[in-house]
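K.L.:
Turn this into a structure:
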Amino acid sequence: MVSTADPLSITPAALRVRRLGEPGIVSPMAELLQSRVSSPHYVHELDRVLLDDTVDGAAARLCDVADLPSLEPGGPREYIYFDPAATRAAIVTCGGLCPGLNNVIRGLVLELADNYGVTEVLGFRDGFRGLVGDSEPVRLTHDLVAGIHNRGGTILGTSRGNQDPSRMVTTLQHYGVSLLFVIGGDGTLRGAAKIADEAVRRGMRLAVIGIPKTIDNDIPFIDQSFGFQTAFTRATDSIKSAHTEASSTPHGVGLVKVMGRHSGFIACYAALASHDVDFVLVPEMPFSLAGESGFLAKLRHRVRRQGHAVVVVAEGAGQDLFEYDGAVDASGNARLADIGALLRQRIIDDYAATREELSLRYVDPGYAIRSVPANAWDAVYCLRLAQAAVHAAMAGRTAMVVGRWHGRFVHIPIPVATGGRNQVDPNGDLWMSVLEATGQPERLF
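P.N.:
Just a heads-up that it's a prediction; the model follows:
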């Protein structure tokens, strides 16, 4: 993958996580940490995880090893900042639905209660709206969260759009909240940073920890966001159906549109998982429809050769084929034109113009792939993210995100996590695998 945030522009100072103060309370987790040292499977809290993972990348820094940009490792600390007996936590879920939201909520509640002894955990309903409205938060208990990980969606509800950070902090003060866990994507994380800043301005001891949620997998400096594996697995089911339809009729074409506003990871991974796809169209790779080297001509050639073809397109692909009308959604994102509908019509028109037979099946799983329960892999990842988030909050970290980088759980300052976007690298090994698996031309124009 590639990030629009240039790793070489990231300095060691930018990777320092903000602390509310010096931890001075022996952690209930302290016994678990005895005799542990850094290894290929564990990073001691005094060690660091390097940002660069190649010799050339590190060498390009032109500095000593000690000065290389690095990330603070996640995990429990020997000493914590907050007294568990006097600590109240809160959780909000924001933005679009994603597999694993309930898993994270449950993981946070159980980790706080069972391993730290925090018994007051509040859930604010409908995202940041719940922090500015009049509705009472729900008290999250063992009994309430017992089976929620087996359900899709979020028991707390969600919403999009900005809210006044001053009003949100006032609400948190009113309820005596010391730890705030914010589950959401880049827009949500920016809102979390504003809450942390407002708390500092007021002199309030509030740890604000983000848990990154986006099925598009587009948050930089994180190996993978939760819900992504479940999403592309469900998308693969739609591709299998499209392939069955296309291969069962003469001159069959299966067209599947999947999520991916700016990043085509779902399209790429779902295509590779099914290995029945002939063309993958993603936002990162421009393409044209017309001409002998364009998509339509190449599609006809493929159908003539093998009798059928399957096309997977990410929702944000081919937006340059439309005139943007300036419309935005509640989060301020540009409203995307419907590339799936356009491709469907253009394929039909192209075959009509050449008077060739066509049997087209269009599948749009849409929101179905984000509203399902997390699969086993994502369930494990959600739990571990929740545990890492609680460890960071109890140790007094704030304005940061938990995630995994090079396979290690780490703490990432929110400005770094929201400073760019992960995208499929046209020169990377993922896109090379897609080209190998599909046999599509490197360029479609």
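
K.L.:
what residue ranges in the stretch 1-150 of the chain score low on pLDDT?
P.N.:
Where the stretch 1-150 of the chain drops to pLDDT under 70, the residues are 1-6.

K.L.:
ok, now the stretch 201-350 of the chain?
P.N.:
In the stretch 201-350 of the chain, residues with pLDDT under 70: 329-332.

K.L.:
That one: helices as residue ranges?
P.N.:
With DSSP state H, counting those that start in this stretch, the ranges of helices along the stretch 201-350 of the chain come out as 228-247, 265-274, 295-306, 339-354.

K.L.:
Please apply the same query to the stretch 51-200 of the chain.
P.N.:
Ranges of helices in the stretch 51-200 of the chain, per DSSP H, counting those that start in this stretch, are 55-59, 101-110, 142-145, 165-174, 186-202.

K.L.:
which residues touch the last one?
P.N.:
The set of residues external to helix 186-202 that reach it, using C-beta atoms under 8 Å, 6 or more residues apart in numbering, is 18, 94-95, 127-128, 160, 162-163, 165-166, 168-169, 172-173, 180, 182, 184, 205-206, 208, 210, 212-214, 218-219, 331-333, 398-399, 401, 414-415, 417-418, 421. From N, CA and C alone the C-beta is placed, and that goes for glycine too.

K.L.:
Please list the members of the residues you listed that lie in strands.
P.N.:
The strands, defined by DSSP state E, take in 18, 180, 182, 184, 208, 210, 212, 398, 401 from those.

K.L.:
quick one on the thing from earlier: out of the helices of the stretch 51-200 of the chain, deepest packed?
P.N.:
helix 101-110 (a mean of 26; mean count of other C-beta atoms under 10 Å).

K.L.:
could I get that helix in PDB with only the CA atoms?
P.N.:
As requested, the backbone C-alpha atoms of helix 101-110 are provided in PDB (Å, rounded to 0.1, in the frame of the first residue of the first chain):
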ATOM      1  CA  LEU A 101     -18.100  -2.400  16.300                       C
ATOM      2  CA  ASN A 102     -19.900  -4.400  18.900                       C
ATOM      3  CA  ASN A 103     -16.800  -6.500  19.400                       C
ATOM      4  CA  VAL A 104     -14.700  -3.400  20.300                       C
ATOM      5  CA  ILE A 105     -17.400  -2.100  22.700                       C
ATOM      6  CA  ARG A 106     -17.500  -5.500  24.500                       C
ATOM      7  CA  GLY A 107     -13.700  -5.800  24.500                       C
ATOM      8  CA  LEU A 108     -13.400  -2.300  26.100                       C
ATOM      9  CA  VAL A 109     -16.000  -3.000  28.800                       C
ATOM     10  CA  LEU A 110     -14.500  -6.400  29.800                       C
END
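
K.L.:
For ChimeraX, write the selection for the buried entries among the contacts of helix 186-202.
P.N.:
The buried subset of those, as determined by 16 or more other C-beta atoms under 10 Å, is captured in ChimeraX by this line:
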select :18,94,95,127,128,160,163,165,168,169,172,180,182,184,205,206,208,210,212,213,214,218,219,331,398,399,401,414,417,418,421
